[in-house]
Structure formats: C-alpha cells, structure tokens
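**Student:** Compute the structure for the input listed below.
(one chain, ligands or ions: 1)
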Amino acid sequence: MFSIDANELMGLTIRDLMIPGDKVAHVQIGNNLEHALLVLTKTGYTAIPVLDPTFKLHGLIGMNLIMDNIFGLERIEFEKLENMKVEEVMNTEIPRLFLNDSLEKGLDLVVNNPFICVQNEEKIFEGIFTRRAILKQLKKHIHLLNNNQHNK
Ligand code: 2BA
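**Tutor:** Modelled structure (predicted):
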C-alpha cells in the first residue's frame, strides 16, 4: 500500500517538475519578429523564452507583444516584422526560478504567470516550470490518496 503525505509533495523541487530546456521552444537574441511569429505560430504557444547563443535567459516574447508593436496609428506595419529584433520588444521583467527552489515558491509564481523560466546561478536557461506540470503532479497524488482511502 502507498503511503503519501503533503510533505512528500511539498518536498519536490523545481528540478523535479520542470520541462528541460532542450524540449522548450525558444528564439534567440538577434532573431527578427517575423521569425518569432513563425515559431509561436508553428508551436502553438502564446509566449516563449528569448535566449542568447550561450543559452543565457534574456526575456520572453509573446504573440501579444509582437502584435502590439506592429499596430501603427493608421495601419498594421508589417515591415516591422522583418526590421525589428526580438530584443526590442521582449519582456525582460520576468520572474525566475532556480533548480533547487521549492514547489511552494513555484506555486506562488504560477498563480499569475502561465509558466516560469528556470535558470542556474550563471543565469543560464535550464527549462520552464508550467501550470500543467503542477496539475499533473497534483492529479497523481490525489489519485494515490483516493486509492489509499479505498484500500483501508
Ligand atoms: P500557452 O501557450 O498559452 O498554453 C496554455 C496551455 O495550453 C498549456 O499550459 C498547455 O496545457 C496547452 N498547450 C498549448 N500549446 C500546447 C502544445 N503545443 N502542446 C500541448 N499543450 C499545449 P502549460 O503546459 O501549463 O504551459 C503554460 C505556458 O508555458 C504555455 O502557455 C507556453 O507559453 C509555455 N510553454 C509550455 N510548454 C512549452 C514548450 N515546450 N516550449 C515553449 N513554451 C512552452
């Protein structure tokens, strides 16, 4: 029979639950908005990290930021897609997590953000921590808890 308690769940760290960097869609500093729009459209994600060639995390770029920047007063300025770089419009004021941060800290942050970037001490991108990862883990624990109750 399984024995589970809240300590087991809350003992997990961000490292245990994050999506590793090699599975995360991203764009690089120097890419233009057209490329970012292509990656966002093809992956289906609304926002993704912006990294440099050393994998250092610089910010986030999303569909809304791109659209907001190409809307002129009188027309949509499509030429900006080619001429503007992601670093000109990305959001750099983003919450960040470290690999050894607690699940509780991650939970606090995903209340207001769909995902949080995870970095190491050198600001190198390690992956993302998503609402989905938490919900999956919670579902697993509730399922085990239910089984435990039934087997008593
Ligand atoms: P969104 O793109 O707005 O996606 C919201 C939710 O929709 C996702 O929640 C996921 O449940 C679902 N979803 C969207 N696109 C999907 C896809 N291509 N495949 C499977 N499910 C998809 P979360 O999984 O909690 O993700 C939260 C946010 O984290 C996403 O927001 C996206 O901005 C980012 N994200 C998640 N996985 C990513 C990845 N592999 N690469 C880059 N960004 C990712």
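**Student:** Any stretches of this structure with poor pLDDT?
**Tutor:** 1-5 (pLDDT under 70).
**Student:** what about 50?
**Tutor:** Along the chain, segments meeting pLDDT under 50 span 1-3.
**Student:** All the helices of it, in order from the start?
**Tutor:** 6-10, 14-17, 33-43, 63-70, 79-83, 86-89, 103-110, 131-150 (DSSP state H).
**Student:** what angle do the fourth one and helix 33-43 make?
**Tutor:** It stands for helix 63-70. If you take axes from the mean of the first three to the mean of the last three C-alpha atoms, to 10 degrees, helix 63-70 sits at 150 degrees to helix 33-43.
**Student:** packing partners for helix 63-70?
**Tutor:** Using 3 or more C-beta pairs under 8 Å, 6 or more residues apart in numbering; DSSP states H and E as the contact test, the elements touching helix 63-70 are helix 33-43, helix 79-83, helix 86-89. All C-beta atoms are positioned from the backbone trio N, CA, C, and that covers glycine.
**Student:** for the second one, packing partners?
**Tutor:** Using 3+ C-beta pairs under 8 Å, 6+ apart as the contact criterion, the neighbours of helix 79-83 among helices and strands are helix 33-43, helix 63-70.
**Student:** and it, how far from the chain's centre?
**Tutor:** 26 Å (C-alpha atoms, centre = their mean, to the nearest Å).
**Student:** buried set for it?
**Tutor:** Within helix 79-83, the residues that qualify as buried are Lys80, Leu81, counting by 16 or more other C-beta atoms under 10 Å.
**Student:** who's in contact with Val110?
**Tutor:** Neighbour list for Val110: Ile116, Phe129, Thr130, Arg131, Ile134 [criterion: C-beta atoms under 8 Å, 6 or more residues apart in numbering].
**Student:** just Arg132 next, same as before
**Tutor:** Applying C-beta under 8 Å, 6+ apart to Arg132 gives no contacts.
**Student:** same deal with Val24?
**Tutor:** Ile48, Pro49, Phe125, Gly127, Ile128.
**Student:** Please report the distance of the residue nearest the centre of the chain from Ile128.
**Tutor:** With distances taken as C-alpha atoms, centre = their mean, the residue of the chain nearest its centroid is Phe115 (3.7 Å). Look at Phe115 and Ile128: by C-beta to C-beta, to the nearest Å, they are 5 Å apart.
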